[in-house]
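> got a predicted structure here, sequence first:
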Number of protein chains: 2
Amino acid sequence: MSWLDAVRWNADGLVAAVAQDAATGRVLTLAWMNREALQRTADTREAHYWSRSRRALWRKGEQSGHVQRVQDIRLDCDRDAILLLVEQVGGIACHTGHERCFFQRLENGAWHDVEPVLKDPKAIYGDG
Amino acid sequence: MSWLDAVRWNADGLVAAVAQDAATGRVLTLAWMNREALQRTADTREAHYWSRSRRALWRKGEQSGHVQRVQDIRLDCDRDAILLLVEQVGGIACHTGHERCFFQRLENGAWHDVEPVLKDPKAIYGDG
C-alpha cells in the first residue's frame, strides 16, 4: 500500500494542509491538497496545493516566487490533516502581502487586521 | 453584522480550526467548528469543536480534562480557517495520549510514529 493510501481523503479527494514556518514557529497558511499535490510535495520538497476556486494544482510561489521549501511532512492521528514545516522563501506566505494568512484577530466582537502588509500585492504579482 | 457572519462556513456549516500551543509554538490539533462552537469558544475562552463523526458539539477536554484555554482567535485571509493560540491543559492534546495529533512523519515512503505516547489513553478516559 502506498503511503498516499493511508491518508483519509475527503469526499472531494482533498486533505487540509497547515504550513508552519520552521524557523519562527508561526502558522502561515491552511490550504488543501489532493493526492497529486501531496505526491509532488513529497517528491520535490516544495509545497503543492489544490486550488478549490481555480480547480487546479498549484505550486505555492509559482507566480510570486514565495515558495515553501518543505522540511517535514506530518499526518495527524485520524489521517485527515497534514502539517508541513517549511522555509518560507521571501518571508511572505499570503497573497495579500502579509507574512501569513492569519492576520485577523477577534477583538471586542469584530475581526481586526493586526499584522502589517509587508509588500504591496501589485509589486508581488504585477498590476494586471 | 455579527463577526460570525464574516466567517465563510463551508457547505456543512463548518470551518477548519488549528490549535497551536501558545507557549511552545507546536501545532497541536486540526478540528472543525460550527457556528455555535466558535461562539462558545469566544464566549468561554475554552476551545469548542464540532465532532463530524459524533455529529455533536464538543468542549475539548470535557472527558479528559485536557482543556484548551484560548488566548487568541485568528481568521485567515479568505475567512475559511481559524487559528487558536491555546494553553493546553495537561500537556496532551490528542486522544491517543500523544502531546499532539501530528505525531506521524513521512520518512522513506511511509508514515512513522515519531513522538511518544505520554499517557495511556485508558488512564485518560478509563477502560470502558
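Here it is on my side, so go on.

> so who does the residue lying closest to A:Leu30 once chain neighbours are set aside touch?
Nearest residue to A:Leu30, sequence neighbours excluded (C-beta to C-beta, 6 or more residues apart in numbering or on different chains): B:Ala81, at 4.0 Å. To be clear about C-beta, it is placed using only N, CA and C from the backbone, and glycine gets the same treatment. By C-beta atoms under 8 Å, 6 or more residues apart in numbering or on different chains, the contact set of B:Ala81 is A:Leu30, A:Cys101, A:Phe102, B:Val15, B:Ala16, B:Ala17, B:Val18, B:Leu75.

> save those residues as JSON lines, and put in pLDDT and distance to A:Asn10 too.
Shown next, in JSON lines, are these (pLDDT from 0 to 100; distance: C-beta to C-beta, whole Å):
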{"residue": "A:Leu30", "pLDDT": "98", "distance to A:Asn10": "14"}
{"residue": "A:Cys101", "pLDDT": "98", "distance to A:Asn10": "21"}
{"residue": "A:Phe102", "pLDDT": "98", "distance to A:Asn10": "22"}
{"residue": "B:Val15", "pLDDT": "98", "distance to A:Asn10": "14"}
{"residue": "B:Ala16", "pLDDT": "98", "distance to A:Asn10": "11"}
{"residue": "B:Ala17", "pLDDT": "98", "distance to A:Asn10": "16"}
{"residue": "B:Val18", "pLDDT": "98", "distance to A:Asn10": "17"}
{"residue": "B:Leu75", "pLDDT": "98", "distance to A:Asn10": "22"}
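
> from those, which single one is nearest B:Ala37?
Minimum distance to B:Ala37 across the contacts of B:Ala81 is 8.1 Å, recorded for B:Ala17 (C-beta to C-beta).

> so the closest one sits in a helix?
No: per DSSP: H, G, I helix; E, B strand; the rest coil, B:Ala17 lies outside any helix segment and is strand.

> any idea how far it lies from A:Leu57?
As defined by C-beta to C-beta, to the nearest Å, B:Ala17 lies at a distance of 26 Å from A:Leu57.

> name the nearest residue to the residue in chain A positioned nearest to chain B, ignoring sequence neighbours.
Using C-beta to the nearest C-beta, the closest approach of chain A to chain B is made by A:Gly25 at 3.2 Å. Nearest-residue entry for A:Gly25: B:Gly25, 3.2 Å, with adjacent residues in sequence omitted and distances by C-beta to C-beta, 6+ apart.
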